[in-house]
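>>> what shape does this take:
(2 chains)
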Protein chains: 2
Amino acid sequence: MTGNVKIGIVAPSSRLDPAMADRVVELAAARHSGAELRFHPQCYLSAGHFAGDDAARAAAFVEVANDPSFDALWFARGGYGAGRIAERVVPKLGPAARRKMYLGYSDAGAMLAALYAQGFPGLAHGPMPADINRGGGEAAVARALDWLVRRDSAALEPSLVSGEKAVAFNLMTLSQLIGTSLQPDLAGHVLMLEEVSEHMYRIDRSLFHLTSHAPIRRVAGIRLGRCSAIPPNDPEFVLNEVEVVTHWCRVSGIPYLGRADIGHDAANKIVPFGPLGRA
Amino acid sequence: MTGNVKIGIVAPSSRLDPAMADRVVELAAARHSGAELRFHPQCYLSAGHFAGDDAARAAAFVEVANDPSFDALWFARGGYGAGRIAERVVPKLGPAARRKMYLGYSDAGAMLAALYAQGFPGLAHGPMPADINRGGGEAAVARALDWLVRRDSAALEPSLVSGEKAVAFNLMTLSQLIGTSLQPDLAGHVLMLEEVSEHMYRIDRSLFHLTSHAPIRRVAGIRLGRCSAIPPNDPEFVLNEVEVVTHWCRVSGIPYLGRADIGHDAANKIVPFGPLGRA
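Reported below is the predicted structural model:
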């Protein structure tokens, strides 16, 4: 390790299995001699649902974000808990935090949203260390490292266009931020949405929620990522996720732009927040 | 039947089993000779998840609401779909709709919210015909009829105080309306919330969502109804629903006022929307 790019990993949501961290360190060592990974011990704490209580998770996030020796803060995994601490984290972040890269998705989107609302320039939606446990997950983790270490454009979601603004979120995570201080201004952005383990009627309901919110209606358009592991609907919902999103785009007047290559899977690509090329 | 109180039943959400309607008609005939129940044929339509497509559900709702011969519109059941048609229903409602009583809960709350946002005075959260299928459900349906036919104060949620404003909602249903045109102004209201079949982390997340929204912070306080059929959390969430709601009330500065006698069960009491005594 030469320490060219130092990446701090914290877990604002659920706890990371230390064995996953070991595998990610191995993979990084084999692929990027210039990457230095530091898993904060907070990743392995346990407090019920969370990787440590709110105070412990917030303190670790603030510590790594504010440490100028780290180039990037990588979210260890999703689950639930990032939004729970965002309002106590944001006021404590200084200039070193603002200069940093941040990478994560799923529940991490709650914190990414809060940081984007504060104008942080280096945010991206993409794979996390815990993705190592998926089938083919090494490719997802390698893609994330390729982005963090050398801004590899091959890691990017393929519909992204230089100079155009984009963001990506888990649908339900963004829905649960609407109207709160964590909600960023997405006017003019391509909004990419993905979902996992939600019934189709809930996907429909959350798309109603988002597309019926006046500030969201100012996005440039919506792209739909993969909706995976959808539990069976009883009775059958009939409409699929594309029919549902096109329905709500039509009702709301938001352009539907097609699919996005993101999702809760190993193929999940990187979506930098804001105008491409700025980060 | 003397036709003293004519109650029209429609199903803006999921389909009603006709056998349930028969049982409710029997119960009403035995208990209230002055009640006349008319189940709109739309209740029995089927279009995927819904009791007929959006156009059919909206048309039946508008027909019954605008018919001056009906004293009350009773939601047949919950499920999902009321919010999906609310924006097309509301502009079509006339003076007869505004004078009417409305009773329902769960997904019906999306329509009740939209009507309350329009200043409708006769709305209430309470049992629906489909509750006949619960264990002890006859008591719930009888309570609803006691309210619709003769405003029986014994049917009311016991913490309600004359002259004080209240509303009641399913937590997730209200969460999915935040920031939309369906959201009513709840300033100064006691906000009662109940939930069913949601993981504790989702209850926590939705309470974060609601209590972090500035207009919701103007409620007089929150009362927590029953949270039932909570799926197991992995790992254990540790906090229960009372600890979760008191956490978010403390964070948001909203007074926590204790429990409410509402829920997805046979004991579900009536909560008229607005100042008690007005309806």
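
>>> if I look at the residue nearest to A:R88 when sequence neighbours are not counted, how far off is chain B?
The shortest distance from A:R88 to any non-neighbouring residue, by CB to CB, 6 or more residues apart in numbering or on different chains, is to A:A58 (5.1 Å). C-beta coordinates here come from the backbone N, C-alpha and C atoms, glycine included. According to CB to the nearest CB, to the nearest Å, A:A58 and chain B sit 13 Å apart.

>>> verify the contact between A:A58 and A:E87 for me.
No - using CB atoms under 8 Å as the test, A:A58 is too far from A:E87 to be in contact (9.6 Å).

>>> what stretches of chain A score poorly on pLDDT?
Along chain A, the parts satisfying pLDDT under 70 run over A:1-3, A:278-279.

>>> just read off the phi/psi values of the spatially most central residue of it.
In chain A, the residue lying closest to the centroid (CA atoms, centre = their mean) is A:Y105, at 2.0 Å. Note on A:Y105: backbone dihedrals following degrees, to the nearest 10 are phi -160, psi -170.

>>> mind giving me the packing neighbours of the helix or strand containing A:K6?
Element membership for A:K6 (DSSP states H and E) is strand A:5-10. Packed against strand A:5-10 by the contact rule (3 or more CB pairs under 8 Å, 6 or more residues apart in numbering or on different chains; DSSP states H and E) you find strand A:35-39, helix A:54-66, strand A:72-75, helix A:137-150.

>>> dump these into a markdown table; add mean neighbour count as well.
As requested, those are exported to a markdown table (neighbours: other CB atoms under 10 Å in any protein chain shown):
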| stretch | mean neighbour count |
| --- | --- |
| strand A:35-39 | 21 |
| helix A:54-66 | 20 |
| strand A:72-75 | 26 |
| helix A:137-150 | 21 |
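
>>> just send those back as JSON lines, with distance to A:D204 too.
Below are the helices and strands packed on strand A:5-10 laid out as JSON lines (distance: least, CB to CB, whole Å):
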{"stretch": "strand A:35-39", "distance to A:D204": "39"}
{"stretch": "helix A:54-66", "distance to A:D204": "32"}
{"stretch": "strand A:72-75", "distance to A:D204": "28"}
{"stretch": "helix A:137-150", "distance to A:D204": "28"}
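
>>> all helices of chain A, in order?
All helices of chain A, identified by DSSP state H, fall at A:18-31, A:54-66, A:82-89, A:95-98, A:109-117, A:137-150, A:171-175, A:200-211, A:241-252.

>>> strand partners (parallel or antiparallel) of the strand holding A:K6?
Strand pairing for strand A:5-10, using DSSP bridges, gives strand A:35-39 (parallel), strand A:72-75 (parallel).

>>> how about the CA coordinates for the shortest one, as CSV?
As requested, the backbone C-alpha atoms of strand A:72-75 are provided in CSV (Å, rounded to 0.1, in the frame of the first residue of the first chain):
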residue,chain,number,x,y,z
ALA,A,72,-13.0,9.3,0.6
LEU,A,73,-15.7,8.1,3.0
TRP,A,74,-17.2,4.8,1.9
PHE,A,75,-20.5,3.6,3.4
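
>>> distance of the residue of the stretch 151-279 of chain A found nearest chain B relative to B:F61?
For the stretch 151-279 of chain A, the nearest residue to chain B under the criterion CB to the nearest CB is A:V238, separated by 3.2 Å. To B:F61, A:V238 is 21 Å away according to CB to CB, to the nearest Å.

>>> can you check A:G135 too?
Taking CB to CB as the measure, A:G135 falls 47 Å from B:F61.

>>> check A:I132 too.
From A:I132 to B:F61 the distance is 51 Å (CB to CB).

>>> ok, A:N240 next?
Counting by CB to CB - A:N240 and B:F61 are separated by 26 Å.

>>> enumerate every residue touching A:G136.
If a contact means CB atoms under 8 Å, 6 or more residues apart in numbering or on different chains, then A:G136 has A:A266, A:A267 as its contacts.

>>> need the residues of chain A near chain B, please.
Residues of chain A lying near chain B by CB under 8 Å from any CB of the partner chain: A:15, A:46-49, A:80, A:83-84, A:87, A:175-182, A:200-201, A:204-206, A:208-209, A:212-215, A:233, A:235-239, A:251.

>>> for burial, what's the neighbour tally of the residue nearest to A:G78 when sequence neighbours are not counted?
Leaving out its chain neighbours, the residue that sits closest to A:G78 by CB to CB, 6+ apart is A:S106, at 3.0 Å. A total of 27 residues lie near A:S106 under the criterion other CB atoms under 10 Å in any protein chain shown.

>>> and A:S106, how far from B:I254?
If you go by CB to CB, the gap between A:S106 and B:I254 works out to 28 Å.
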